[in-house]
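here's a sequence, model it:
(chains A and B)
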Amino acid sequence: GAGVSQTPSNKVTEKGKYVELRCDPISGHTALYWYRQSLGQGPEFLIYFQGTGAADDSGLPNDRFFAVRPEGSVSTLKIQRTERGDSAVYLCASSQLAYPYNEQFFGPGTRLTVL
Amino acid sequence: AQSVTQPDIHITVSEGASLELRCNYSYGATPYLFWYVQSPGQGLQLLLKYFSGDTLVQGIKGFEAEFKRSQSSFNLRKPSVHWSDAAEYFCAVGGANAGKSTFGDGTTLTVKP
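Numbers count the residues shown, from 1 in each chain, chains lettered A, B, ... in the order given. The predicted structure follows:
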């Protein structure tokens, strides 16, 4: 079956612009996670959804970052007024039920470059 | 606060040799521990996990890891490395707070022929 997909695979934008990154989880997975991976570092937790609601958004770095999952499936990570420091690979993962008891399956990521 | 340290940024081993990747964690309660592998252009893949019970856990691709509470370590091992094991390896710690895993900065494994 299909895994987690993320679009676009690459996004180049200019400082100050708005971007949206999309994640399509594995069908039937209720939990969805966003991470950010900067060069030379491990993934950094951003936000976790259980169904439609954000169960934990404590990793969002500031109010320029926002994520939604309106129908409990596809999720969009939105970044306003992008800054050069936002450049990173944004990873999405999903799991059947709540992690850590259930394996997280990761997508290939969206590489965001802010010029 | 939870944290993970992977002391080795880069390790090179010869094909067929044994491998040990180190991971030290800090967590205030019972930790849930994970090892992931990330190959170029691929998503992170779970190798193995530890929740409780036997401190030696077996994973996919011939990997195993041993949880040592007294040393706050969860080192990954493989008795004989294959060229296809070349990748980046991440250790992660989580807890009952679902989703909030903390990853180390990774160890890049190079395999010499």
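
low-confidence stretches in chain A?
Applying pLDDT under 70 to chain A flags the ranges A:1, A:98-101.

so which residues on it come close to chain B?
A:3-4, A:31, A:33, A:35, A:40-45, A:48, A:50, A:55-56, A:58-59, A:91, A:93, A:98-101, A:103-109 (Cβ under 8 Å from any Cβ of the partner chain). Quick note: C-beta positions are derived from backbone N, CA and C, even for glycine.

quick one: contacts for the closest residue to residue B:59 other than its chain neighbours?
Using Cβ to Cβ, 6 or more residues apart in numbering or on different chains and skipping residues adjacent in sequence, the residue nearest residue B:59 is residue B:48, 2.8 Å away. Taking Cβ atoms under 8 Å, 6 or more residues apart in numbering or on different chains as the criterion, residue B:48 is in contact with B:34-35, B:57-60, B:63-65, B:76.

check residue A:49 too.
A:31-33, A:55, A:67, A:69, A:72, A:75 are the contacts of residue A:49 under Cβ under 8 Å, 6+ apart.

tell me the residues of chain B that contact chain A?
With the criterion set to Cβ under 8 Å from any Cβ, chain B comes near chain A through B:4, B:32, B:34, B:41-46, B:49, B:51, B:90, B:92, B:94-95, B:97-106.

buried subset of those, written for PyMOL?
Remark: buried members of those, expressed as a PyMOL selection using 16 or more other Cβ atoms under 10 Å in any protein chain shown:
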select buried, chain B and resi 4+32+34+43+44+45+46+49+90+92+94+95+98+99+100+101+102+103+104+106
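
in strands, which of the contacts of residue B:48 appear?
Among the contacts of residue B:48, the members falling in strands (DSSP state E) are B:34-35, B:57-58, B:64-65, B:76.

now, which of those residues sits nearest residue B:85?
Taking Cβ to Cβ as the measure, residue B:76 is the one of these closest to residue B:85, at 10.8 Å.

ok, now which ones touch the spatially most central residue of chain B?
For chain B, the residue nearest the mean C-alpha position is residue B:35 (3.5 Å; Cα atoms, centre = their mean). Applying Cβ under 8 Å, 6+ apart to residue B:35 gives the contacts B:21, B:23, B:46-49, B:59, B:63, B:65, B:74, B:76, B:89-92.

related to what we said a few turns ago, out of the ones in strands among the contacts of residue B:48, which end up buried?
Of these, these count as buried by 16+ other Cβ under 10 Å: B:34-35, B:57, B:64-65, B:76.

most widely separated two among the residues you listed?
Spanning the widest gap among those are B:34 and B:64, at 13.6 Å by Cβ to Cβ.

give me the pLDDT value at the residue nearest to residue B:59.
For residue B:48, the model assigns a pLDDT of 94.

now could you export just the CA positions of the host helix or strand of it as PDB?
Element membership of residue B:48, judged by DSSP states H and E, is strand B:45-50. Extracted C-alpha coordinates of strand B:45-50, given in PDB (Å, rounded to 0.1, in the frame of the first residue of the first chain):
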ATOM      1  CA  GLN B  45      12.700   3.700   9.000                       C
ATOM      2  CA  LEU B  46      12.300   2.100  12.400                       C
ATOM      3  CA  LEU B  47      15.000  -0.500  13.200                       C
ATOM      4  CA  LEU B  48      13.900  -1.500  16.700                       C
ATOM      5  CA  LYS B  49      12.300  -0.200  19.900                       C
ATOM      6  CA  TYR B  50      12.400  -0.800  23.600                       C
END
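
sheet partners, orientation included, of that strand?
Counting by DSSP bridges, the strands paired with strand B:45-50 are strand B:32-38 (antiparallel).
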